[in-house]
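S.K.: A structural model of the following input is requested.
(2 chains)
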2 protein chains.
Amino acid sequence: MARAHNFCSGPCILPTAVLDELAAELPDFGDSGMSLIEMSHRDPVYDRVHHETLDRLRRLCHVPDDVDVLLLQGGATLQFAMVAMNLLVDDRPGVYSVSGSWGKKALADAAKIGRTAVAWDGADGGFTAMPTADQLDLPSDARYLHVTSNETIGGIRIPEFYDVDVPQVIDMSSDYLTRAIPWDAVDVVYGGAQKNLGPAGLAVVFVRRSVLDEIPDTVPSYLSYATHAGADSLANTPPVFAIWATGKVLAWIEDQGGVPAMEKRAADRSAMIYRAIDGSEGFYRNPVAVADRSHTNIVFRLATEDLEAAFLAEAGEAGLVNLKGHRSVGGIRASVYNALPDESVQVLVEHMASFAAANS
Amino acid sequence: MARAHNFCSGPCILPTAVLDELAAELPDFGDSGMSLIEMSHRDPVYDRVHHETLDRLRRLCHVPDDVDVLLLQGGATLQFAMVAMNLLVDDRPGVYSVSGSWGKKALADAAKIGRTAVAWDGADGGFTAMPTADQLDLPSDARYLHVTSNETIGGIRIPEFYDVDVPQVIDMSSDYLTRAIPWDAVDVVYGGAQKNLGPAGLAVVFVRRSVLDEIPDTVPSYLSYATHAGADSLANTPPVFAIWATGKVLAWIEDQGGVPAMEKRAADRSAMIYRAIDGSEGFYRNPVAVADRSHTNIVFRLATEDLEAAFLAEAGEAGLVNLKGHRSVGGIRASVYNALPDESVQVLVEHMASFAAANS
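M.R.: As a prediction, the model looks like this:
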């Protein structure tokens, strides 16, 4: 079967070369007589793979020396709780910018654990824009400001990271390694791997080391960042396959030119689709404030749901799949993550033009 | 390279046929034009794989209707915390039988969350035996009794599950699907998949539905069993590869005759190794109370550490690998999990005989 043009919002498309390598190496890793997924996680062979993944993340993201890289399980969803358990250690509140479903969920979990406050809430505007820094209501005693750098459902992103007086916690699940991390501004950056970095089953968490010193002993073992930071994320059995596969995707990203190249691709490719929308004379409509348009998740609507269904059906015939918008909002969504080939975007834009011409 | 005789205590050896199938299907799943690990977890194709794994667990383990099957991340280690967060909801204590390192860790996490008590502690005996039911100190108000059915490090197991008046929570990480689960006695059974069921990155948790009704709203989303039970373990992105691979191992176990066949294999194969130990006139020594000897992790010592090193080196030359005991206790450990071929046990026993003959 020809490779699909896969615009899935996550789990994401992976580089074909990575899949082929994984398949070739899966039954017997490096003539060891066993698969990498059958090895002890204390084996030097696995240890090398593990540390290569950590090192590549450090290199690609320019991680400062005082920030630890953690490879965890439970996705971004578990981080909603872990951030609060590890950082809300006194009476200072965690302050949340609620820019969509994910920010809302992060706040809901934190509120179960410690004091929280809302810096901004975009619900009234239908989550179609991000706040500017001066719109954020930041109490003077805030422990951190939590932001979602890109909301996959609304298709919005923070165009430039905020310069505020409190440390930030950033959920970068859907734009990881498509832009530089503003290290000076952050205490924690986290995200699931399954959008830009690898398969599902792995979360990558960056934690400033000063945070570790403050974590109370009352945080259970797996849930404490200190447990994992003190053990190179080998405190318990790690998700071997996901770490191995992610390491391969990171190597592929390095070969492509690293984060600057991914950033340019995301900008160029999303711009192609936004041009197709904006040039359609209203046939396609994107509801997002132009400055806040996502570079990784491009959402648009057609005049009716019937027309959207027809668009998706004909797209499927052209090999363009997983373009349906999130069930909570409907419409169309094209996720153009790192591993999506340029050709897929080209085919999508051509489909958009021909479908509009045939149905206008 | 010939397949190694892999006695790893976890991650474990997997059936060769499963690895070959995974490799063959990895680049393009069922002519879909994409890998299963590139698909949305809401896709009907993945959904089928997901529910097949759930259904196979239910069938193989004879799970009663009032027990939910959850596919989670974070390993057994995260369950140490989740058990307490979900079950210690009033002032009744969680009571722990501390039969080794894992029981000790489970207790330590629970003590951070709620009231706990110790039903028994085997530390003084060097964790070489399990308590009998009448040795357990069970307060009348106990919420649950937590037991580790098999301790991988000490090489001991509970020979017959306890019949006591409080619901039990059983960590079955290292003997999952090598024995029947005593459903009438349990509220929760949990374990990492990476010993008898599949690759690392997945924990299988069985929870009695009555537990779900008692979970406080204050438990954060990922950490509440209710979140996952209410969503067929699809509340957030699941660890797709691990669930897919585990489903294949479960199908293989069904083909082999299910849990009764695995139980018999574990008994027969561990007996072969214990016979080699007991028949060696003291050359090999197993420190465990005979009735409590593990059927999955067989530990033994030689007279000196030098002799143990020589044993391991010569074993390696015969293709017998991962036989070194846990770093906390030393010695030799043979883990004979479900997917280990009988031939590997035969080769091990022959090596034990020839090494003893050459070095007595």
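S.K.: Run through the helices of the stretch 251-360 of chain A in chain order.
M.R.: In the stretch 251-360 of chain A, the helices defined using DSSP state H, counting those that start in this stretch lie at A:258-278, A:305-317, A:342-359.
S.K.: Nearest to residue B:73, out of those helices?
M.R.: Taking Cβ to Cβ, helix A:258-278 is the member of the helices of the stretch 251-360 of chain A nearest to residue B:73, at 26.5 Å. To be clear about C-beta, it is placed using only N, CA and C from the backbone, and glycine gets the same treatment.
S.K.: Show me what the closest one is packed up against.
M.R.: Here helix A:258-278 touches helix A:240-256, strand A:297-300, helix A:342-359, going by 3 or more Cβ pairs under 8 Å, 6 or more residues apart in numbering or on different chains; DSSP states H and E.
S.K.: Just name the most buried of those.
M.R.: strand A:297-300 (a mean of 27; mean count of other Cβ atoms under 10 Å in any protein chain shown).
S.K.: how does chain A divide up, domain by domain?
M.R.: A:16-255, A:258-359 (automatic domain parsing).
S.K.: Give me whichever of these is most buried.
M.R.: Of the domains of chain A, domain A:16-255 is the most buried (mean count of other Cβ under 10 Å), at a mean of 21.
S.K.: Start and end of it, how far apart?
M.R.: Using Cα to Cα, to the nearest Å, the end-to-end distance of domain A:16-255 comes out at 14 Å.
S.K.: average pLDDT across it?
M.R.: Averaging the model's pLDDT scores along domain A:16-255 yields 97.
S.K.: for it, the distance to its chain's centre please.
M.R.: A distance of 9 Å separates the centroid of the chain from that of domain A:16-255, by Cα atoms, centre = their mean, to the nearest Å.
S.K.: tell me the contacts of the nearest residue to residue A:342 once chain neighbours are set aside?
M.R.: Nearest residue to residue A:342 in three dimensions, chain neighbours excluded: residue A:269, at 6.8 Å (Cβ to Cβ, 6 or more residues apart in numbering or on different chains). Residue A:269 makes contacts with A:336, A:340, A:342, A:345, as judged by Cβ atoms under 8 Å, 6 or more residues apart in numbering or on different chains.
S.K.: how about a cut-off of 10 Å?
M.R.: A:295-296, A:298, A:334, A:336-337, A:340-342, A:344-346, A:348-349 (Cβ atoms under 10 Å, 6 or more residues apart in numbering or on different chains).
S.K.: Kindly report the residues of the stretch 151-300 of chain A close to chain B.
M.R.: Within the stretch 151-300 of chain A, the positions near chain B by Cβ under 10 Å from any Cβ of the partner chain are A:173, A:192-195, A:198-203, A:216-224, A:227, A:235-243, A:245.
S.K.: Number of residues surrounding residue A:257?
M.R.: Around residue A:257 sit 12 other residues, with neighbours defined as other Cβ atoms under 10 Å in any protein chain shown.
S.K.: So which residues of the stretch 101-250 of chain A form strands?
M.R.: A:116-121, A:144-148, A:150-151, A:156-157, A:168-171, A:186-192, A:203-208 (DSSP state E, counting those that start in this stretch).
S.K.: will you turn those into CSV that also has distance to residue B:94?
M.R.: Converted to CSV, these look like this (distance: least, Cβ to Cβ, whole Å):
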stretch, distance to residue B:94
strand A:116-121, 29
strand A:144-148, 32
strand A:150-151, 39
strand A:156-157, 44
strand A:168-171, 32
strand A:186-192, 30
strand A:203-208, 28
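S.K.: Of all the ones you listed, which one is nearest residue B:26?
M.R.: strand A:186-192 (20.5 Å).
S.K.: when you compare where the closest one runs with where strand A:144-148 runs, what's the angle?
M.R.: Per axes from the mean of the first three to the mean of the last three Cα atoms, to 10 degrees, the angle that strand A:186-192 makes with strand A:144-148 is 30 degrees.
S.K.: hang on, the earlier thing: how about CSV for the helices and strands packed on helix A:258-278, with distance to residue B:118 added?
M.R.: Listed next are the helices and strands packed on helix A:258-278 as CSV, based on distance: least, Cβ to Cβ, whole Å:
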stretch, distance to residue B:118
helix A:240-256, 34
strand A:297-300, 51
helix A:342-359, 59
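S.K.: Residue B:156: which of these is closest?
M.R.: Per Cβ to Cβ, nearest to residue B:156 of the helices and strands packed on helix A:258-278: helix A:240-256, 27.0 Å.
S.K.: Check which helices and strands that closest one sits against.
M.R.: Applying 3 or more Cβ pairs under 10 Å, 6 or more residues apart in numbering or on different chains; DSSP states H and E, we find helix A:240-256 packed against helix A:16-25, helix A:44-60, strand A:67-72, strand A:203-208, helix A:258-278, helix B:240-256.
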